[in-house]
Every structure is written in structure tokens, then in C-alpha cells.
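S.K.: When you get a sec, could you give me coordinates for this:
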Amino acid sequence: MRKPVIAIAGLACENSTFTPSRTDAAAFHPKRGKEIIEKYDFLHPGTTLSNAATWVGALIGHALPGGVVKRDSFELLAGEIVSRLEKIVEARWIDGLWFDIHGAMHVEGVEDVEAELLRRIRKVIGPHVLVSASMDLHGNVSRQLAHQTDLVTCYRTAPHIDVRETKQRACQNLVELIQQQPESLKRMRPLKAWVPLPVLLPGEQTSTRVEPASHIYAAVPGVADGNDVIDAAIWVGYAWADEWRNRAIVMVTGWEEATVVKGAEKLATIFWASHADFKFVAPTGSFKECLDAALASSKRPYFISDSGDNPTAGGSGDMTWGLHKLLARSEFKEESGPKVIYASVPGKTAVAEAVKAGVNATVTVTAGAEVDDIHAGPITLTGRVHSIKHGDVNAETEVVLQVGSVFVILTKLRKPYHKEHDFTDLDLKPRSAAIVIVKIGYLEPELYDMAADWMMALTPGGVDQDLERLGHHKIRRPMWPFDKKWEHPPDLTARLIPPSNEPLTGPDD
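M.R.: Predicted structure coming up:
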């Protein structure tokens, strides 16, 4: 039998429409051709998937979450994806496409952009090619996107510890589907049962570490592993974009109509039954309340999430509001005060000046709010240069400035701080600090394991956890938690999505 050929393409980013920053093409760090195969070890030569199919990379790009993607940047990358796929199709028959996306990308002037990108791709690869998409559970699955894909799956954990597993599953499902096909254009298409839910919550209220998300997602394998089912997935959606498609979605794919409908409605019912039970994954409070609690506690290190400017949820990472509040506290004015690490604030000029002065020099620099100055302006710091590091993939250059008892991390470009080595590489010892403040929402696994205790500060910013004060205008209503009273319960009936090679008709509900 002929070895099937599968192309790989996609763009992935999580974009807040409430963040003033913009994401450009370079932020996607695009990979092309063999670079894509090298990125994913489950496609390396000798692996099961490599032996089962010939994988051909077009272009993929994964950007750090942030503000809306610039239109010209999207057109540049999307145009190259189309161009590369055209050359692949000219050279060989394509059986499948792995659509490697996130699901919460937003582009200037384009809504439901993943569906738009796939529309363009479909014009090149044709309707006969089977498409399998892998997504983040914080992505959005519009009816149009569900229609154009044949298979779609997403992570089942938050924090996401099953990223590799999910992408591999998307590829394995695609290979198995292709292997079942006749050697003709008459492809067999799975049935897709899709249920939208009127719920839009931040990830910090839907972590699978805690209830109710833990039992909701625990139900997914029971449906996904059933007879005549290929996959089952639940998306909680992306809360920080004001877009009509943004809401929770359940989707089950398989071969028997009654089975996929029953499975999708079962998961949707479990989800909706708990919609009012979602709470934050940690104790919360104002920034002041979190600092007060940390100082009063004997547990060390005490972590605080400066959540409103979380760069891995779509925040600019550029805000200085939290740092202004921190340095105004009398407890941290002297070097002998409680040791605090603050991560982080970007400032190209500040970093350059600190690098020029060198370690142990005392400098006065101004950083932050170059993009996001809505809540606070740039901050001027006078302190000792504690350490300097070059070569970070995100920040490029990092500087630690000690101001009183606070060790402030300044970066040339914004960077998330998720791992212990992010700190120890800067000659910082987070385990022996009194307080560690990170621009993040729920703590990533290494930080969570390191924290003796923690709170999430409900701070302002482009990914404000208080969704109702952000000002959504385009989302569908009613929507929980924006609407607390319901005249009628939502319709949790599964909608059968037509196969990708047949027209999509009916209301876009």
C-alpha cells in the first residue's frame, strides 16, 4: 500500500482584545519544512507515526500570548502557508493535514481567524484531504471551524501537562482515519456532534486541579474511549477576547450518530450542571490584601500572582501597576527588609543602561508602560545591578535590579517566568525568598510545587480576572457569569456538523 502523505501547518496564539499591545510576525518564531518534524519528537524517524506516514512541514508558528495580531503580519504568515502548501500539492498527493493551532488567535479585522486560515488552506489542498486539528482547551471552536475539520481534539489538563500527548493523539487519529479510507476521493468522514454552552470563564476558575473542572474533564476519557468514538473534547473558551465565537464547547467525533450525540450531550450536561460552582483556583484578594497576607504568613516562599498582566494569557507583560504598589510599601524600603522577587517588567533602554554599568553598579533607570500605560506610567528605579543574563529565547537580555529588599527583573523583551531555573539563572534563590511575585494566573507546575503558600491578586490589566469590568460587547447573551438569571435553560442538544466536503447550512448557533 502507498504510504500516506500528511502536511503540517498552523498558527497558534492567544490574543486579548483588551490589551493595547500588538503581536507581529516575528513573535510566532515560524518553523518550516524539516524544522517542524524536528520540533515534534513523535514524528522523528523510527517512531510509529513516522513509519505510518510521510510528514511534510509547510509552516507553523507559536507566539507568546499577547495583544491582537497585526493584520499584515497574519497575511504574511498565512500567505506563506498557502504558498508552501501549493508547492507541496504540486509535487505530491496529500492525504491529510495536521492543523497545529491554539484556537484563541485574534487578528485585526478578522474574527474566527482559525476558520478563515483553514478556508484558505482548503482552497489549496481541496475537499478530499482529511484535516485533524489539535487545540488548547482555552481555544474556541466555532461551527465553521468544526465544519472544516474532520477530527479535532484539545488538552484535557490546565495547567497544560498533556500538550505533547494531545498533539500526538491528533496525529495518530488522523493516520488511523486515513488508513481506513479507500484509494479514491470518496473519503469516509466521521460524524461530529457539537454542543455550544453559554459559559465564558477565565482559566483561573477552570483549572483541572480543582473542582468542578476536575470531575468534568475526568468524564472525557469515558466518552472518548467508547465504541464508535474517535475522540471527545471540552473547550472552556477564551475569556479575554470580545468575539462572538467565544464560549465553552463540547465536541464528540465518531462513526455512529446516536453514540456521538449521546456522548456530547452527556459531557455538556455535566458541564452545565456545575456552571455556577466554578471558583478561583486559589485564595484571591486585592494586591494590598495579598501582600498583607504574605507578610503575616510564616510560610516561605509565599507566591503572589499579579494576574491582570499575565503575558501567558494575553497580557502585555508591560504594566508597572503592581511594581509601583510594591515599591511604595515601607516594609521593602531597606535592604534588610523581607526579600521579594518581582518578575517582571520590560524596558529595553533600562536593560541597556544596566548592562553598560555592570554588576554591582548603582543605576537609575526607567522601564515599563511603553505599550500598556492605561493604569500606570513608566517606573523609575534606583538600585544595584544584581545580575545580568544574555541569550534568553524570549527576553533576549535580563537584568536584576535590587531596590531596597526587592529584586526586580527587567527584560529587553517580555518573558513569562514559569520555571525555577528562570530565577536561579539570574542568581536568584526563590526558595529562600520571603515573597515571589509573578505575572501569571494559576501557578505553573514548578512554581506550584515550590510555593509554600500562595494567593492570586485580582489586579487590573488586559487579562483582568474580573471579566465583567472589562467591557465585552460582542459575546452572545445570555452568557454566564455576565448573566445570572435565565428565562429558559440553555439548549444542550447536540448539533450534527456536516462533513467538511459538504456545505454548511442552518443558523450559526
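S.K.: just the helices in the stretch 151-300 of the chain please.
M.R.: Ranges of helices in the stretch 151-300 of the chain, per DSSP state H, counting those that start in this stretch, are 163-179, 213-218, 220-224, 257-273, 287-296.
S.K.: right, and those - which one's nearest residue 12?
M.R.: Residue 12 lies closest, by CB to CB, to one member of these: helix 163-179, at 10.7 Å. Backbone N, C-alpha and C define where each C-beta goes, glycine included.
S.K.: List the buried residues for that closest one?
M.R.: Buried residues in helix 163-179, defined by neighbour count with 16 or more other CB atoms under 10 Å: 166-171, 173-175, 177-178.
S.K.: do stretch 196-215 as well
M.R.: Buried-residue list, stretch 196-215, by 16+ other CB under 10 Å: 196-208, 210, 212-213.
S.K.: Residue 68: neighbour count?
M.R.: 24 (other CB atoms under 10 Å).
S.K.: show me what contacts residue 48?
M.R.: By CB atoms under 8 Å, 6 or more residues apart in numbering, the contact set of residue 48 is 42, 172.
S.K.: need the helices of the stretch 151-300 of the chain in a markdown table with mean pLDDT and distance to residue 436, can you?
M.R.: Output for the helices of the stretch 151-300 of the chain, formatted as a markdown table (pLDDT from 0 to 100; distance: least, CB to CB, whole Å):
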| stretch | mean pLDDT | distance to residue 436 |
| --- | --- | --- |
| helix 163-179 | 97 | 25 |
| helix 213-218 | 98 | 25 |
| helix 220-224 | 98 | 33 |
| helix 257-273 | 98 | 34 |
| helix 287-296 | 98 | 9 |
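S.K.: Using a markdown table, lay out these together with distance to residue 114.
M.R.: Formatted as a markdown table, the helices of the stretch 151-300 of the chain follow (distance: least, CB to CB, whole Å):
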| stretch | distance to residue 114 |
| --- | --- |
| helix 163-179 | 14 |
| helix 213-218 | 22 |
| helix 220-224 | 21 |
| helix 257-273 | 21 |
| helix 287-296 | 35 |
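S.K.: wait, which of these is closest to residue 144?
M.R.: Nearest to residue 144, of all the helices of the stretch 151-300 of the chain, is helix 257-273, at 18.0 Å by CB to CB.
S.K.: so where is this structure shaky, pLDDT-wise?
M.R.: Applying pLDDT under 70 to the chain flags residues 1, 183-186.
S.K.: mind giving me the domain ranges of it?
M.R.: Using automatic domain parsing, the domain ranges for the chain come out as 5-279+492-497, 284-464.
S.K.: can you give me the helices for the stretch 301-450 of the chain?
M.R.: Using DSSP H, counting those that start in this stretch, helices in the stretch 301-450 of the chain cover 321-327, 348-357, 420-424, 445-450.
S.K.: Relative to residue 75, which of the ones you listed is closest?
M.R.: Nearest to residue 75, of all the helices of the stretch 301-450 of the chain, is helix 348-357, at 27.2 Å by CB to CB.
S.K.: contacting residues around that closest one?
M.R.: By CB under 8 Å, 6+ apart, helix 348-357 touches 361, 363, 365-367, 381, 385, 388, 397-399, 401, 410-413.
S.K.: ditto for stretch 281-294
M.R.: Outside stretch 281-294, the residues touching it (CB under 8 Å, 6+ apart) are 204-205, 207, 209-210, 302, 304-306, 322, 325-326, 329, 434-435, 442-443, 454-459, 465.
S.K.: Kindly recompute the last result at 6 Å.
M.R.: 204, 207, 210, 302, 304, 322, 325, 435, 442, 454-459 (CB atoms under 6 Å, 6 or more residues apart in numbering).
S.K.: That concludes my questions; thank you for your assistance.
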